[in-house]
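> 3D, please:
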Amino acid sequence: MDWKNTAGRYGALSIGIHWLMLLLFIAVYACIELRELYPKGSDPREALKTWHAMLGMLVFGLIWLRLAARLSGPTPGIQPEPPSWQQISAKLLHLALYALMIGMPVTGWLLLSASGKPIPFFGLQLPALIGQNKELASQIKEVHEFVGTAGYYLIGLHTVAALYHHFIKRDNTLTRMLPGRG
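This is a model prediction of the structure:
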C-alpha cells in the first residue's frame, strides 16, 4: 500500500492516522467519563484527568500531520458518486470533526491555563496560554464540555454515515479508509 493518497483510496499514512485518532478519541472520552467513578481529589481521578489532558494534546499534535497527509494528495472519489447534497454534508461533517480535533485540545489547554493548573504532556510541562482567571476558566469549561458532548454526536454521525454507505449504498466510502484493502 502506498503511503500517499491516490485517486482510488487513502494512503497508509491517512488510514493509520484516521484509526489512531479513533483510538485516541475513545481513550480521551473514556478517561473523562471514568473519572466520575472516583471521589474528587483521589489519585485515580486525578490520573484519569491527567491522561485526558495528555491524550487530548496528542490529538492536537497529530491533527496537523493528518491535515498535511490529507492535503498532500487527492481525496479518493466515492464510487458510485453520491448525490451532491451528501457530498456537501460529508464535507461539512469532516470540517466539524477537524474543528473538534483542533478546538477541544485548545479549549482544554486554555481551561488548564486559566485554572492555574499544570499542562502535562508525557513528562513535559506545556506553558500556560493565558494567565490564571477563575471566572474565565468557568466559561471555558462550559464551552469545552458543550463541544465535547457535541463531539459524541459528530463521531456517531460520521460512523453511521460510513456504515450506511457500506451496507446500504454499497459504495466504496468505507473501504477507501480500511487498511489492507486493494
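
> hey, let's count contacts and neighbours off CA atoms from now on
Noted.

> all helices for the chain, in order.
In the chain, the helices defined using DSSP state H lie at 12-34, 43-71, 84-114, 134-163.

> helices or strands up against the shortest one?
Helix 12-34 is packed against helix 43-71, with contacts defined by 3 or more C-alpha pairs under 8 Å, 6 or more residues apart in numbering; DSSP states H and E.

> could you tell me the angle between the helix it packs on and helix 84-114?
Taking axes from the mean of the first three to the mean of the last three C-alpha atoms, to 10 degrees, helix 43-71 and helix 84-114 form an angle of 140 degrees between their directions.

> return the set of buried residues in helix 43-71.
Buried residues in helix 43-71, counting neighbours by 16 or more other C-alpha atoms under 10 Å, are found at 45, 48-60, 62-63, 66, 69-70.

> poorly predicted segments of this structure, please.
181-182 (pLDDT under 70).

> and the residue most central in space within it, what does it touch?
Relative to the mean C-alpha position of the chain, the nearest C-alpha, by C-alpha atoms, centre = their mean, is the one of Met101, at 4.0 Å. Contacts here follow C-alpha atoms under 8 Å, 6 or more residues apart in numbering; on that basis Met101 touches Val59, Phe60, Ile63.

> distance of the last one relative to Tyr98?
Taking C-alpha to C-alpha, to the nearest Å as the measure, Ile63 falls 8 Å from Tyr98.

> could you do the second one as well?
Counting by C-alpha to C-alpha, the gap from Phe60 to Tyr98 is 10 Å.

> got the CA positions of stretch 126-141 in PDB?
In PDB, the C-alpha atoms belonging to stretch 126-141 read as follows (Å, rounded to 0.1, in the frame of the first residue of the first chain):
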ATOM      1  CA  LEU A 126       3.500  22.900  28.500                       C
ATOM      2  CA  PRO A 127       3.400  26.600  29.000                       C
ATOM      3  CA  ALA A 128       0.200  28.300  30.000                       C
ATOM      4  CA  LEU A 129      -1.600  30.100  27.200                       C
ATOM      5  CA  ILE A 130      -3.200  32.700  29.400                       C
ATOM      6  CA  GLY A 131      -3.000  33.900  33.000                       C
ATOM      7  CA  GLN A 132      -5.000  32.500  35.800                       C
ATOM      8  CA  ASN A 133      -8.600  33.700  35.800                       C
ATOM      9  CA  LYS A 134     -11.200  31.600  37.700                       C
ATOM     10  CA  GLU A 135     -14.200  33.300  36.100                       C
ATOM     11  CA  LEU A 136     -12.800  32.800  32.600                       C
ATOM     12  CA  ALA A 137     -11.900  29.200  33.500                       C
ATOM     13  CA  SER A 138     -15.500  28.600  34.300                       C
ATOM     14  CA  GLN A 139     -16.700  30.000  31.000                       C
ATOM     15  CA  ILE A 140     -14.100  28.000  29.000                       C
ATOM     16  CA  LYS A 141     -15.100  24.800  30.900                       C
END
